[in-house]
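Need the 3D shape of this:
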Amino acid sequence: MTNELNELATFAIVASERSFTRAAIKLGVSQSALSHTIRRLEQRLELQLLARTTKSVAPTAAGAALLEDLSPALEQIRHALDKARSVRQRPEGRLRIVMSRSAAVMVLLPRLRAFAESYPDIVLDVVTVTGPVDLVAGEFDAGIQLGEYIQKDMIAVRLTPELRLAVVGSPSYFASRSIPKKPKDLNDHRCVTLRLAGGPYRWEFQQGRKSVTINVNGPLIIDDTHLVIQAALAGVGVGLAYEEQVAEYVAKRRLIRVLEDWTPPIPGFFMYYPSRRHQPGDAVCAGERAAILRTKVGAMIQRGMTREVRPLAEPPCRRPSRGSARS
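As a prediction, the model looks like this:
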């Protein structure tokens, strides 16, 4: 069937151009290959379709009748192919993304308007969680997570520069309490604890080669870093959040940052999605789904979702974690 369609399409071009030379140039093949294709078609149909002389080529009566019937069908095929290509060129459909609430606020929301205006045919279906998620099992197309917690067999692209955590408390809280100088001093403070999927987060600190993990205690356990910040502002206790989230409060002296030299940079947020071999669905549609996914994710990367950083072939290596994944 494929060979017959190719032969018919070739015949239509030769008949329309009325020249093997021009048709060969248009198709990017040799004149001898073109002549062989036409002869094969004529032999199969047992009809002469083209009248050839040394100076001209013209369709015979049978050829002209075939060309008249073929032209609308070939035009429909071209239109269908152009329509299929336009889907790839202009991504559309639903994209299910899973991320933490912090990633949604810090990464997604600032870029959402530009993305929506550039790609109005993509619907972002966003789910927020408090810990790592199996994308394939959860039927998610992509996720946004800290680079250190992304599995190495995922395709990952950096979305933010490196991040830092910040330990903060309000001036009213520290008015009657000493400023912690070392992580262990937090044992003498009320701390607002972040709850993750695996339980309360254990605060991790590092200074040079020395690493310390503190199981903090306090009057409040909560699953949202933004609520942790609000609790710290209210003087409930010491909180842990991303530096970017508290920078304005620290600048306005509504929060006091402590233990700054114990919070080195961490990899930052990455968008990640499964490689083709991990795509769900049957073997027939897996390739199509993977191709569409790459188009959608590529659109997100190219328009407003990245901060002009170099895409990575794979995420950074995960360093051993002494606690649950950060939100």
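
and the helix or strand harbouring residue 111, how far out from the chain's middle?
Applying DSSP states H and E as the criterion places residue 111 in helix 109-118. Put simply, helix 109-118 sits 14 Å off its chain's centre (CA atoms, centre = their mean, to the nearest Å).

So for the following helix or strand past that helix, what gets flagged as buried?
Counting by DSSP H and E, the element after helix 109-118 in chain order, helix or strand, is strand 122-129. Using 16 or more other CB atoms under 10 Å as the test for burial, strand 122-129 gives 122, 124, 128-129. In short, each C-beta sits where N, CA and C put it, glycine included.

Just the buried residues of the helix holding residue 111, please?
111, 115.

Repeat that for stretch 162-173.
Result for stretch 162-173 [16+ other CB under 10 Å]: buried residues 163, 165-170, 173.

what do you get for stretch 212-229?
214, 216, 218, 220, 222-225, 228-229.

With stretch 185-202 instead?
186, 189-196, 200-202.

Just flag the most distant two among these.
189 and 196 (20.7 Å; CB to CB).

Sort out for me which of the buried residues of stretch 162-173 are in helices.
Counted as lying in helices by DSSP state H, out of the buried residues of stretch 162-173, are residue 173.

export the buried residues of stretch 162-173 to a markdown table and tack on pLDDT and distance to residue 207?
Formatted as a markdown table, the buried residues of stretch 162-173 follow (pLDDT from 0 to 100; distance: CB to CB, whole Å):
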| residue | pLDDT | distance to residue 207 |
| --- | --- | --- |
| 163 | 92 | 18 |
| 165 | 94 | 13 |
| 166 | 96 | 15 |
| 167 | 97 | 13 |
| 168 | 97 | 18 |
| 169 | 97 | 20 |
| 170 | 97 | 25 |
| 173 | 97 | 24 |
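
of all the buried residues of stretch 162-173, which comes closest to residue 108?
Out of the buried residues of stretch 162-173, the member with the shortest distance to residue 108 (by CB to CB) is residue 163, at 15.2 Å.

ok, now which ones touch the closest one?
Residues counted as contacts of residue 163 (CB atoms under 8 Å, 6 or more residues apart in numbering) are 146, 242-244, 265-269.

By neighbours, which of the residues you listed wins?
In terms of neighbour count, residue 269 stands highest of the contacts of residue 163 at 25 neighbours, by other CB atoms under 10 Å.

hmm, back to that, please narrow the contacts of residue 163 to those residing in strands.
Taking DSSP state E as the definition of strands, the contacts of residue 163 contribute 146, 242, 269.

Name the residues linked to the last one by a beta bridge.
Taking DSSP bridges, one obtains residue 146 as the residues bridged to residue 269.

Quick check: it vs residue 36, distance?
According to CB to CB, to the nearest Å, residue 269 and residue 36 sit 58 Å apart.

next one: the second one
Look at residue 242 and residue 36: by CB to CB, they are 68 Å apart.

for residue 217, same thing?
Counting by CB to CB, the gap from residue 217 to residue 36 is 84 Å.

Can you classify residue 33 by secondary structure?
helix (DSSP: H, G, I helix; E, B strand; the rest coil).

Return the per-residue confidence for it.
Note on residue 33: pLDDT of 87.

for the stretch 51-200 of the chain, what spans make up the strands?
For the stretch 51-200 of the chain, strands defined by DSSP state E, counting those that start in this stretch occupy the ranges 57-59, 93-100, 122-129, 142-146, 154-158, 165-169, 192-196, 199-200.

can I get the ones you listed in TSV with distance to residue 259?
TSV is the format used below for those (distance: least, CB to CB, whole Å):
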stretch	distance to residue 259
strand 57-59	85
strand 93-100	23
strand 122-129	28
strand 142-146	20
strand 154-158	27
strand 165-169	5
strand 192-196	15
strand 199-200	19
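
Can you say which of those strands is nearest to residue 109?
strand 122-129 (9.9 Å).

Tell me the buried residues in the helix ranked longest in the chain?
Criterion DSSP H: the longest helix present in the chain is helix 61-89. Going by neighbour count (16+ other CB under 10 Å), the buried part of helix 61-89 is 63, 66-67.

now stretch 264-280
266-274, 279.

Turn those residues into a markdown table, including pLDDT.
Listed next are those as a markdown table, based on pLDDT from 0 to 100:
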| residue | pLDDT |
| --- | --- |
| 266 | 88 |
| 267 | 87 |
| 268 | 90 |
| 269 | 90 |
| 270 | 89 |
| 271 | 88 |
| 272 | 87 |
| 273 | 85 |
| 274 | 82 |
| 279 | 50 |
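
From the buried residues of stretch 212-229, pick the one nearest residue 261.
Out of those, the member with the shortest distance to residue 261 (by CB to CB) is residue 214, at 15.5 Å.
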